[in-house]
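Student: Predicted model and sequence below, questions to follow.
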Amino acid sequence: MIDKILSNLDWLGHDCFRLRAAGQVVYFDPFQLSGDLPPADLILVSHMHYDHFSPADIEKIRQESTLIITVPEAAAKLSGNVKAMQPGQSATSGPFTIEAVRAYNTNKKFHPQANNWLGFILTVEGVRIYHAGDTDLIPEMANYQADIALLPVSGTYVMTADEAAQAALAINPKVAVPMHFGSIVGEQSDAERFAAKLVNKITVHIPRKK
């Protein structure tokens with residue numbers, strides 16, 4: 001089932017992924033969307049920065065029934081079917097269970113812990129997918145259980161590739177997927193260095209942009 005989920009998980013660039021599962025469509029942090037855009041059943045937005053919370057991109061995929069789950073500051077700027085969440089809370093939507101988890105910087109000031117910005121663990125068809133949002137390597141990751149972990153690798157605003165590899169070892173997913181490269185910051189080489197650090201430890205899938 002993990003392989004099936006992974007084959008239906010499209011990287012749309014930066015931290016944006018689209019998942020088709022259980023007959024529904026989920027977008028994580030939609031940003032700079034183009035091309036074929038099936039309407040969303042669920043949209044997860046991790047925090048307020050423009051490259052994650054993009055109302056213009058949300059409107060490209062939103063339909064009347066779409067549920068948007070995000071931080072309270074973003075929820076306040078949206079109308080309709082919107083749910084604000086804090087770290088530690090959980091919700092359900094159709095076939096999905098959504099757990100909000102912490103995402104913050106430990107050695108830089110872009111994503112303060114006090115903001116209560118989010119990563120998400122989405123469970124569908126028995127598979128747990130962790131989208132880390134913008135974060136450093138944080139102690140809470142040792143308690144996150146995930147089959148697929150989507151981890152930022154670019155450094156500057158988030159973990160470096162080396163730190164992301166440490167995060168993957170702490171979480172111990174079946175598959176780790178690098179993100180947060182190839183757009184605003186980070187290069188393909190960051191994803192490759194991340195994969196090299198995990199050889200013979202954790203399977204790494206370097207995504208190709210759809």
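Tutor: Structure received.
Student: in the protein, which segments are predicted with low confidence?
Tutor: In the predicted model, the chain carries pLDDT under 70 at residues 155, 182, 184-187.
Student: mind listing the strands for it?
Tutor: Ranges of strands in the chain, per DSSP state E, are 9-13, 16-21, 24-28, 42-44, 67-70, 82-84, 90-93, 96-102, 118-124, 127-131, 148-152, 175-179, 203-204.
Student: possible to save the ones you listed as TSV with distance to Pro55 and mean neighbour count?
Tutor: Every residue, glycine included, has its C-beta placed from N, CA and C. Formatted as TSV, the strands of the chain follow (distance: least, CB to CB, whole Å; neighbours: other CB atoms under 10 Å):
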stretch	distance to Pro55	mean neighbour count
strand 9-13	17	20
strand 16-21	14	21
strand 24-28	13	24
strand 42-44	11	25
strand 67-70	10	24
strand 82-84	11	16
strand 90-93	20	13
strand 96-102	20	21
strand 118-124	17	24
strand 127-131	19	24
strand 148-152	22	28
strand 175-179	21	26
strand 203-204	33	19
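Student: and Phe53, which of those is closest to it?
Tutor: strand 67-70 (6.9 Å; CB to CB).
Student: Parallel or antiparallel, list what pairs with the closest one.
Tutor: strand 42-44 (parallel), strand 82-84 (parallel) (DSSP bridges).
Student: With distance to Glu192 as extra columns, can I get these in TSV?
Tutor: Shown next, in TSV, are those (distance: least, CB to CB, whole Å):
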stretch	distance to Glu192
strand 42-44	27
strand 82-84	37
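Student: Quick one: closest of the ones you listed to Glu125.
Tutor: Of all the strands paired with strand 67-70, strand 42-44 comes closest under CB to CB, at 14.3 Å.
Student: Residues touching the closest one, excluding its own?
Tutor: For strand 42-44, contacts defined as CB atoms under 8 Å, 6 or more residues apart in numbering pick out 24-30, 58, 61-62, 66-70, 93-94, 96, 98, 120, 122, 131.
Student: need the strands of the chain in CSV with distance to Ala196, can you?
Tutor: Below are the strands of the chain laid out as CSV (distance: least, CB to CB, whole Å):
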stretch, distance to Ala196
strand 9-13, 19
strand 16-21, 23
strand 24-28, 25
strand 42-44, 29
strand 67-70, 34
strand 82-84, 39
strand 90-93, 35
strand 96-102, 27
strand 118-124, 24
strand 127-131, 21
strand 148-152, 15
strand 175-179, 11
strand 203-204, 9
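Student: For Phe110, which of these is the nearest?
Tutor: That would be strand 148-152 among the strands of the chain, by CB to CB, at 11.5 Å.
Student: Nearest to Asn172 among the strands paired with strand 67-70 would be which one?
Tutor: Among the strands paired with strand 67-70, strand 42-44 comes nearest to Asn172, with 22.7 Å by CB to CB.
Student: gap between that closest one and the chain center?
Tutor: Using CA atoms, centre = their mean, to the nearest Å, the distance from the centre of strand 42-44 to the centre of the chain it belongs to is 11 Å.
Student: Report the beta-bridge partners for the residue at minimal distance from the centre of the chain.
Tutor: Residue closest to the average C-alpha location in the chain (CA atoms, centre = their mean): His131, at 2.8 Å. His131 has these beta-bridge partners by DSSP bridges: Phe120, Leu150.
Student: ok, the closest residue to Val45 other than its chain neighbours - contacts?
Tutor: Distance criterion CB to CB, 6 or more residues apart in numbering; nearest residue to Val45, sequence neighbours excluded, is Thr70 at 3.8 Å. By CB under 8 Å, 6+ apart, Thr70 lies in contact with Ile43, Leu44, Val45, Ser46, Phe53, Leu78, Val82, Lys83, Ala84, Met85, Leu118.
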